[in-house]
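A.B. asks: model the following, please.
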Amino acid sequence: MKVTCRNGRGEYTLQRGKQQPTVDISAFHFIHDHLYYKQQENRYTFTVPADGNYRIQLANIPNNLEVMLYVYNSL
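C.D. replies: Sure, this is the predicted structure:
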């Protein structure tokens, strides 16, 4: 959806796309993804195969990108 609105104070464009599906990345070592519109949310789930320490590394992050990491332990 793309909407251009005009009013007495100026003009702006609102662009909102469909929510991307949540992807289970448990079987992958690398993920390459894209941003298509403002405030897009790319959601991933990851289930560790064994107890231990795990590292998540992000690279090539565009300016003003917000990254949130949620960790859930069922125990």
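
A.B. asks: show me the shaky parts of this protein.
C.D. replies: The model of the chain has pLDDT under 70 over residues 1-16, 75.

A.B. asks: that one: strands as residue ranges?
C.D. replies: Remark: strands of the chain, listed N- to C-terminal, are 2-7, 10-15, 23-24, 44-45; assignment by DSSP state E.

A.B. asks: start and end of stretch 24-39, how far apart?
C.D. replies: In stretch 24-39, first residue to last residue: 21 Å (CA to CA, to the nearest Å).

A.B. asks: cool, stretch 63-72 as well?
C.D. replies: Using CA to CA, the two ends of stretch 63-72 sit 28 Å apart.

A.B. asks: residues making contact with it?
C.D. replies: Contacts of stretch 63-72 with the rest of the structure, by CB atoms under 8 Å, 6 or more residues apart in numbering, involve 35, 56, 58, 61. In this view, the C-beta of every residue, glycine as well, is placed from N, C-alpha and C.

A.B. asks: okay, now the third one: neighbour count?
C.D. replies: A count of neighbours around residue 58, defined by other CB atoms under 10 Å, yields 9.

A.B. asks: the residue nearest to it when sequence neighbours are not counted: neighbour count?
C.D. replies: Nearest in space to residue 58, with sequence neighbours left out and distances taken as CB to CB, 6 or more residues apart in numbering, is residue 67 at 6.3 Å. Other residues near residue 67 come to 8 when the count uses other CB under 10 Å.

A.B. asks: now the phi/psi pair for residue 67, please.
C.D. replies: With angles defined as degrees, to the nearest 10, residue 67 sits at phi -120, psi 130.

A.B. asks: and the gap between it and residue 20?
C.D. replies: Using CB to CB, to the nearest Å, we find residue 67 at a distance of 15 Å from residue 20.

A.B. asks: check residue 69 too.
C.D. replies: Applying CB to CB to residue 69 and residue 20 gives a distance of 17 Å.

A.B. asks: residue 56 too?
C.D. replies: Distance from residue 56 to residue 20, by CB to CB: 18 Å.

A.B. asks: which of these two has more neighbours?
C.D. replies: Using other CB under 10 Å, the more surrounded residue of residue 56 and residue 20 is residue 20, with 15 against 9.
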